[in-house]
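>>> Below is the sequence, then the predicted model.
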Amino acid sequence: MRPKSRYYKGPLSFVKSMVSQVFFRDLVKSTKNFGHITWAGNPIWQNIFDLWTIQEMIFQMRPSLILETGTNRGGSSFFYAQLFDLIGEGKVITVDVEKLHDLKHPRVTCLLGSSTGQEVFGEMQKAARAARGPVMVILDSDHSAKHVRDELELYSQLVTPGSLMLVQDGVIDTLGRFRKGRPGPLKALHDFLTTHPEFEIDRDLCTRFPITHHPDGWLRRKAMSQKAAA
């Protein structure tokens, strides 16, 4: 029997990667970038593979508070709130610069304004201080590198040790159809990590499925790091 080449895994890995990329491009095109995805009748505009990973983490970590930037149509906040209903506890605070939704849920508080504005961040900070358990952050507002970088500097302070911060839509920096939005979240989070050793990319979560809108987007605050500044 001919021995397998030591390079065998390389080509196989390359082929798998190419197949995943082609499938991803076709999926984004056919779903109009998941623009018509709904949750319980509410527009959610999320990659369904990423949603599955998020729900797994919410049930595993059971955060007492999720801070979300970028409410949009409110579907994501409603999704998180209903997961909290199943768990029996947990709250969501979400913010956007304009109101595009009619979201009503007892576990959700909606703020209006810039996610990096002093008043809005003050409300987020107050809620994080009052939280009795893990605080999780999800960044999904303005995806420009500068804005995401500013958000990371602020909201990283509110993530409790061992908990997670999800930087969404780094796909802007990797998928050709989104090139007009570059530089985007991926550049911002990589720059952030160079000066914040208390955070690390959770590779297992980032590669949970072969396709994702959030490459390198799952950041975990190291459990041994100093207590969050909340």
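Now that the structure is in, tell me what you want to look at.

>>> remind me which residues of this structure are low pLDDT?
1-20, 22-23, 176-178, 181, 224-230 (pLDDT under 70).

>>> Do a quick rundown of the helices in it.
9-30, 48-61, 75-87, 118-130, 145-155, 185-195, 203-206 (DSSP state H).

>>> Give the buried residues for the last one.
Judged by neighbour count (16 or more other Cβ atoms under 10 Å), helix 203-206 contains these buried residues: Leu205, Cys206. Any C-beta I mention is one placed from the backbone N, CA and C, and that applies to glycine too.

>>> Is the spatially most central residue of the chain bridged to anything, and to what?
Central residue of the chain (Cα atoms, centre = their mean): Leu166, 3.1 Å from the mean position. Using DSSP bridges, the beta-bridge partners of Leu166 come out as Ile138, Trp218.

>>> contacting residues for it?
Ile54, Met136, Val137, Ile138, Leu139, His214, Gly217, Trp218, Leu219 (Cβ atoms under 8 Å, 6 or more residues apart in numbering).

>>> go on, Gln21?
Under the criterion of Cβ under 8 Å, 6+ apart, Gln21 has no neighbours.

>>> try 10 Å
Going by Cβ atoms under 10 Å, 6 or more residues apart in numbering, Gln21 touches Thr174, Leu175, Pro210, Ile211.

>>> just Ile37 next, same as before
If you count contacts by Cβ under 10 Å, 6+ apart, Ile37 has them with Thr31, Pro43, Ile44, Trp45, Gln46, Asn47, Ile48, Leu51, Gly75.

>>> and with 6 Å instead?
Neighbouring residues of Ile37 by Cβ atoms under 6 Å, 6 or more residues apart in numbering: Ile44.

>>> again, but for Ser76
For Ser76, the contacting residues are Ile44, by Cβ under 6 Å, 6+ apart.

>>> let's see 7 Å
Residues near Ser76 by Cβ atoms under 7 Å, 6 or more residues apart in numbering: Ile44, Gln46, Glu68.

>>> Among those residues, which one sits closest to Cys206?
Gln46 (15.9 Å; Cβ to Cβ).

>>> neighbours of that closest one, just the number please.
21 (other Cβ atoms under 10 Å).

>>> and what of the one 3 residues further on?
Using other Cβ under 10 Å, Phe49 has 18 other residues around it.

>>> Same check on the one 5 residues further on?
Each residue near Ile54 was counted by other Cβ under 10 Å, and the total is 26.

>>> Setting aside sequence neighbours, what's the nearest residue to it?
Nearest non-adjacent residue to Ile54, counting by Cβ to Cβ, 6 or more residues apart in numbering: Leu166, 7.2 Å away.

>>> Kindly provide the distance from that neighbour to Lys104.
Separation of Leu166 from Lys104 (Cβ to Cβ, to the nearest Å) stands at 24 Å.

>>> and what of Gly162?
32 Å.

>>> So these two - more neighbours on which side?
Set Gly162 next to Lys104 and count neighbours by other Cβ under 10 Å: Gly162 wins out with 13 against 9.

>>> my guess is the more buried one contacts Ala223, does it?
Yes: if you go by Cβ atoms under 7 Å, Gly162 and Ala223 touch, sitting 4.1 Å apart.

>>> List the contacts of the closest residue to Asn47 other than its chain neighbours.
Nearest non-adjacent residue to Asn47, counting by Cβ to Cβ, 6+ apart: His213, 4.4 Å away. Counting by Cβ under 7 Å, 6+ apart, His213 makes contact with Asn47, Asp50, Gln168, Asp169, Val171.
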